[in-house]
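Asker: for reference, the sequence and a predicted model appear below.
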Amino acid sequence: MALGDGIRRNILSVTQQERDRFRDAIIALNNKFFPGSRTDFPAGGVSYWFKQDEIHQATHVHGTPAFLPWHRELCNRFEAMLREVDPDLSLHYWDWNQDPTPLFTANFMGNAQGDVGAPWLGAGLYNPNPNPPDNYRDNQVHGLQNRSGNTSYQLHSNPADPPKTLTRNTQPGVPPVGTSNFDGTNWATDTDFMNATDFPAFDALMQGHAHFHAHDWIGGNLGDPHTASGPRGKPNPDIPSGLIPAKPTAVIATIPPLPPRCSRGRAKPAGRIIPTTRSAIGPRAPGTRPKISK
């Protein structure tokens, strides 16, 4: 496995050196800011990391046929942002057929239970003690607030502010894929996805079941798919758990909450990932596609 070959791999198979560089790139994105001031409307001074968070919670698509292509683009743009910081990196995935526990360490994704802590707390991806006290984002969905004539943000919704909490409640061991032993509904297998008779059947298996299971398996802030996208813990069966996407669709990630996995060009369910704006990274070159290993 060559660092810099552009291939997305199972994050559990990636070297500690590459994990360290991935972590450091996330932190670097949180220290890179869009122009303007927090008091502007729309807000300026938003870090690249929190802009991703804002885009996901305010404009994400769930419950429609656009779920997969929207999140795929989100993941691709997040990967492009990572490569602005470190060109050798790829947005690897969590294979939800495997126990994610080894990812939750103080030098990578933080704690699996309770407050996430290091490395994300010290890096400012959340702040339990904001100053002034009201300058934090809560765990509610606030939508696009520059519509309908609004001239200011609702309390605790300014995208320039970090969240106040980042927690997880990760279940122990290997997820019970192929059973109904978690959340009371079947967690589809790779074979189930590949054998789906049409797209609506595939989408029902992935979006309605496996996608939500991956969110709930990591739990904490990531347990709500609508607000799970940044270091809050959102496997962004959408990023760190959430930074890393989860398997089947390369759509989820495990950073402070994990991305999805693809095989031979076919989408598979995934963990959590972070969005970015076209203005931030520019359009992708025509015909380019991410390379993903099994």
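Answerer: All right, it came through fine.

Asker: for this structure, which residues score under the pLDDT cut-off?
Answerer: 1, 143-149, 226-294 (pLDDT under 70).

Asker: how are the helices of it distributed by residue range?
Answerer: Secondary structure of the chain by DSSP state H: the helices cover 16-29, 48-59, 67-85, 190-194, 199-205, 211-218, 278-281.

Asker: just how off-centre is the fourth one within its chain?
Answerer: Which is helix 190-194. Relative to its parent chain, helix 190-194 has a centroid offset of 23 Å by C-alpha atoms, centre = their mean, to the nearest Å.

Asker: which strands or helices does it pack on?
Answerer: Using 3 or more C-beta pairs under 8 Å, 6 or more residues apart in numbering; DSSP states H and E, the elements in contact with helix 190-194 are helix 199-205, strand 266-270. To be clear about C-beta, it is placed using only N, CA and C from the backbone, and glycine gets the same treatment.

Asker: can you give me the strands in the stretch 151-294 of the chain?
Answerer: Along the stretch 151-294 of the chain, counting by DSSP state E, counting those that start in this stretch, strands occupy 167-169, 260-263, 266-270, 291-292.

Asker: which residues are contacting the first one?
Answerer: By C-beta atoms under 8 Å, 6 or more residues apart in numbering, the surrounding residues in contact with strand 167-169 are 104, 110-116, 218-223, 233, 241, 257.

Asker: thought Ala2 was touching Asp88, still the case?
Answerer: No - contact between Asp88 and Ala2 fails when scored by C-beta atoms under 8 Å: they sit 9.2 Å apart.

Asker: the more surrounded of those two?
Answerer: Ranked by neighbour count (other C-beta atoms under 10 Å), Asp88 and Ala2 place Asp88 first, with 14 against 7.

Asker: with the flanking residues excluded, which residue is spatially nearest to the more buried one?
Answerer: Residue nearest to Asp88 in three dimensions, not counting chain neighbours: Gly4, with 3.6 Å by C-beta to C-beta, 6 or more residues apart in numbering.

Asker: which residue is the nearest non-sequential neighbour of Asp192?
Answerer: Of all residues beyond its chain neighbours, the one nearest Asp192 is Leu205 (5.7 Å), with distances taken as C-beta to C-beta, 6+ apart.

Asker: who's in contact with the one you found?
Answerer: Contacts for Leu205 (C-beta under 8 Å, 6+ apart) come out as 188, 192-193, 196.

Asker: export the helices of the chain to TSV and tack on distance to Asn139?
Answerer: Compiled in TSV, the helices of the chain are given as follows (distance: least, C-beta to C-beta, whole Å):
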stretch	distance to Asn139
helix 16-29	20
helix 48-59	9
helix 67-85	20
helix 190-194	31
helix 199-205	27
helix 211-218	14
helix 278-281	25
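
Asker: of the ones you listed, which stretch is the most buried?
Answerer: helix 211-218 (a mean of 28; mean count of other C-beta atoms under 10 Å).

Asker: would you put the C-alpha positions of that helix in PDB?
Answerer: Extracted C-alpha coordinates of helix 211-218, given in PDB (Å, rounded to 0.1, in the frame of the first residue of the first chain):
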ATOM      1  CA  HIS A 211     -27.100   3.900   6.900                       C
ATOM      2  CA  PHE A 212     -29.000   4.600  10.200                       C
ATOM      3  CA  HIS A 213     -27.500   1.500  11.800                       C
ATOM      4  CA  ALA A 214     -24.000   2.900  11.200                       C
ATOM      5  CA  HIS A 215     -24.900   6.200  12.800                       C
ATOM      6  CA  ASP A 216     -26.400   4.500  15.800                       C
ATOM      7  CA  TRP A 217     -23.500   2.100  16.200                       C
ATOM      8  CA  ILE A 218     -21.200   5.000  16.800                       C
END
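
Asker: since that was my last question, I'll sign off now.
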